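**Student:** Sharing a model prediction with you, sequence too.
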Amino acid sequence: MGFRDFVIFNQAMLSKQGWRLLTDPNSLCTRVGLVSPLMHIPEDATVQFLMEEGGKEWNHDLVKYAFDEETANEILQVPISRHGGGMISLLGHMTREICAPGKMKINLWRAAHDCLPTGFQLRRRHIEARDGCAFCNRDDRIEHVFLMCPFSDSVWKEIKQVYNIKLGRGDLANVRQWIFDFLCRGSAIQNTVLAVTFWHIWEARNNARNNVETLHPRRVVQKIVAYVEMIMQHCGPGNVSRPAERISLPSWVPPPAGVFLINIDAAVFQAERQMGVGVVIRDQHGNCLLAANTRFMGITDPETAEACAIRHALWLAKEEGFHNVIVACDCLSVIQKLNSPGRDRSKIGCLVEDIKKLGVEFISVSIIHVSRCSNVAAHTLARCSEPSVCNVYHNETPDCIREMLLSDAQ
């Protein structure tokens, strides 16, 4: 386009947006982009102003005092690196391996990141929108639209019978994590069905909301089945891309001699806006050398909680003198980020960098993915954690996991 200096061009574009924010307070850009604090914050203040001394964690009281409850909770969800650095950016494409049209993969990706224009999201951005779901008039959050609404539930009941799909909605804590777990365990055809179903549910919702027509759920199912058959006819079963196979251990497997296995898990307590961490360290004989659990405030995102749990477990292992370790976790998305050689640009990127830097301080460390059934002890400890309490058991097995560890050792 003939730009001679991109730096000056970018500065000009930024100035234009700044001028628009100042001169047009009613514009969509201003209404979406600005957050007004409830207290006076110095003009020269940086993000450090909202952190504890040392800059390693948020000042919870100050954040809650300075912003409204919804904004404060979103700020406290942002993880902070203990080594400095780390930025929030968009997650990588989770759906690139699905055999489906691009529009359907994009729709699924946007659903995973909760950036579809549901009524709830529009109201959050101070944009006028109809209250309630188009089908049942309940709060139309993203998980309700695609999974919990009676209309979508009727669609899924028939889809599950046709394609032998298990949704696992009982474990739903976060749509993004739910979609990722589904793609990891689903076959290629099932993942295609997921993308096609999400698209048609969203299309039916929009039509009903705009008073175009309201299709019967069975009609939507017929459209989904026909579309999937068309995709499979053109792609063929052999041409459908499959997601990477999971490397999972079916049950607890002892580590090599001289190496210690650290099982970790996190539990999210939405009501208290806290997360719990459970850590179990065992030797090759299955002896419990150390067990611990504790809680952290302000974190309710499952993926962030799992990354925080791994960081805490490595820090604890280093402090207790375990230098040759294998860390076992049941959150595949975090494991893939940690084992990736490049810099992670997701919202947990700073935690990933922290964990990698901690790993350098060990003689040997590896991080593996295990199935949930072989990580029950750590999960139980995390669920049993108490607010403001850090329990550490040396050469002692907590009563709540005693039978589990005995069963693993057999």
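**Tutor:** Happy to help now that I have it.

**Student:** What residues of stretch 350-361 count as buried?
**Tutor:** 350, 351, 352, 353, 354, 355, 356, 358, 359 (16 or more other CB atoms under 10 Å). To be clear about C-beta, it is placed using only N, CA and C from the backbone, and glycine gets the same treatment.

**Student:** Which of the helices or strands spans the second one?
**Tutor:** Going back to what we said before, that points to residue 351. In this structure, residue 351 sits in helix 349-359 according to DSSP states H and E.

**Student:** Grab the nearest non-local neighbour of residue 339.
**Tutor:** Among residues not flanking residue 339 along the chain, residue 367 sits closest, at 6.7 Å (CB to CB, 6 or more residues apart in numbering).

**Student:** Residue 99 against residue 192, yeah?
**Tutor:** Yes. Counting by CB atoms under 8 Å, residue 99 does reach residue 192; the two are 5.2 Å apart.

**Student:** higher neighbour count, these two?
**Tutor:** Between residue 99 and residue 192, counting by other CB atoms under 10 Å, residue 192 is the more crowded of the two (24 against 21).

**Student:** before we move on, the earlier item: chain center to the helix holding residue 351: distance?
**Tutor:** Relative to its parent chain, helix 349-359 has a centroid offset of 17 Å by CA atoms, centre = their mean, to the nearest Å.

**Student:** so how far is the helix or strand following it off the chain centroid?
**Tutor:** Where DSSP H and E defines the elements, the next helix or strand beyond helix 349-359 is strand 364-369. Here strand 364-369 is found 21 Å from its chain centre; the criterion is CA atoms, centre = their mean.

**Student:** Could you do stretch 340-347 as well?
**Tutor:** Per CA atoms, centre = their mean, the centroid offset for stretch 340-347 relative to its chain is 15 Å.

**Student:** What segments of the stretch 101-250 of the chain are helices?
**Tutor:** 102-112, 119-124, 142-143, 150-163, 175-185, 188-209, 217-235 (DSSP state H, counting those that start in this stretch).

**Student:** Which strands and helices lie in contact with the third one?
**Tutor:** Spelled out, that is helix 142-143. Contact analysis of helix 142-143 by 3 or more CB pairs under 8 Å, 6 or more residues apart in numbering; DSSP states H and E lists helix 175-185 as its packing neighbours.

**Student:** Does anything pack onto the helix it packs on? Which helices or strands?
**Tutor:** Counting contacts by 3+ CB pairs under 8 Å, 6+ apart, helix 175-185 packs against helix 102-112, helix 142-143, helix 188-209, helix 302-320, helix 332-339.

**Student:** quick check: angle from the secondary structure element (helix or strand) that residue 290 belongs to to helix 302-320?
**Tutor:** Counting by DSSP H and E, the element that carries residue 290 is strand 288-297. Calculated by axes from the mean of the first three to the mean of the last three CA atoms, to 10 degrees, strand 288-297 forms an angle of 130 degrees with helix 302-320.

**Student:** Identify each buried residue in strand 288-297, please.
**Tutor:** For strand 288-297, by 16+ other CB under 10 Å, it's 288, 289, 290, 291, 292, 293, 294, 295, 296.

**Student:** Excluding its own residues, what touches that strand? List them.
**Tutor:** 60, 76, 260, 269, 273-283, 308, 312, 316, 320, 322, 381-382, 384-398, 401, 405 (CB atoms under 8 Å, 6 or more residues apart in numbering).

**Student:** now, which of these lie within helices?
**Tutor:** Residues of the contacts of strand 288-297 located in helices (DSSP state H): 60, 76, 308, 312, 316, 320, 381, 382, 405.

**Student:** beta partners of the closest residue to the fourth one other than its chain neighbours?
**Tutor:** Nearest-residue entry for residue 312: residue 277, 5.3 Å, with adjacent residues in sequence omitted and distances by CB to CB, 6+ apart. In this structure, residue 277 bridges to residue 266, residue 294 when assessed by DSSP bridges.

**Student:** these two touch, right, residue 277 and residue 263?
**Tutor:** No. Using CB under 8 Å, residue 277 makes no contact with residue 263, being 11.6 Å away.

**Student:** any residues in contact with both of these two?
**Tutor:** In contact with both residue 277 and residue 263: no residue, using CB under 8 Å, 6+ apart.

**Student:** Off-centre distance for stretch 9-23?
**Tutor:** Distance, centroid of stretch 9-23 to centroid of chain: 33 Å (CA atoms, centre = their mean).

**Student:** May I have it exported as PDB, CA atoms only?
**Tutor:** Taking Å, rounded to 0.1, in the frame of the first residue of the first chain, the C-alpha atoms of stretch 9-23 are listed here in PDB:
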ATOM      1  CA  PHE A   9       1.800   4.300  10.500                       C
ATOM      2  CA  ASN A  10       0.900   2.100  13.500                       C
ATOM      3  CA  GLN A  11       1.300   5.100  15.800                       C
ATOM      4  CA  ALA A  12      -1.000   7.100  13.600                       C
ATOM      5  CA  MET A  13      -3.700   4.400  13.700                       C
ATOM      6  CA  LEU A  14      -3.300   4.100  17.500                       C
ATOM      7  CA  SER A  15      -3.700   7.800  17.900                       C
ATOM      8  CA  LYS A  16      -6.800   7.700  15.700                       C
ATOM      9  CA  GLN A  17      -8.400   5.100  18.000                       C
ATOM     10  CA  GLY A  18      -7.400   7.100  21.100                       C
ATOM     11  CA  TRP A  19      -9.000  10.200  19.600                       C
ATOM     12  CA  ARG A  20     -12.200   8.300  19.000                       C
ATOM     13  CA  LEU A  21     -12.300   7.000  22.600                       C
ATOM     14  CA  LEU A  22     -12.000  10.600  23.800                       C
ATOM     15  CA  THR A  23     -14.400  12.300  21.500                       C
END
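
**Student:** separation between residue 376 and residue 314?
**Tutor:** 21 Å (CB to CB, to the nearest Å).

**Student:** Those two: which is more packed in?
**Tutor:** residue 314 (25 against 20).

**Student:** low-scoring stretches of the stretch 101-250 of the chain, by residue?
**Tutor:** For the stretch 101-250 of the chain, applying pLDDT under 70 flags the ranges 171, 173, 212-213, 234-250.

**Student:** Quick one: residues contacting residue 107.
**Tutor:** Residues in contact with residue 107 (CB under 8 Å, 6+ apart) are 116, 195, 198, 199, 202.

**Student:** can you tell me which residues contact the fourth one?
**Tutor:** Contacts for residue 199 (CB under 8 Å, 6+ apart) come out as 103, 104, 107, 108.
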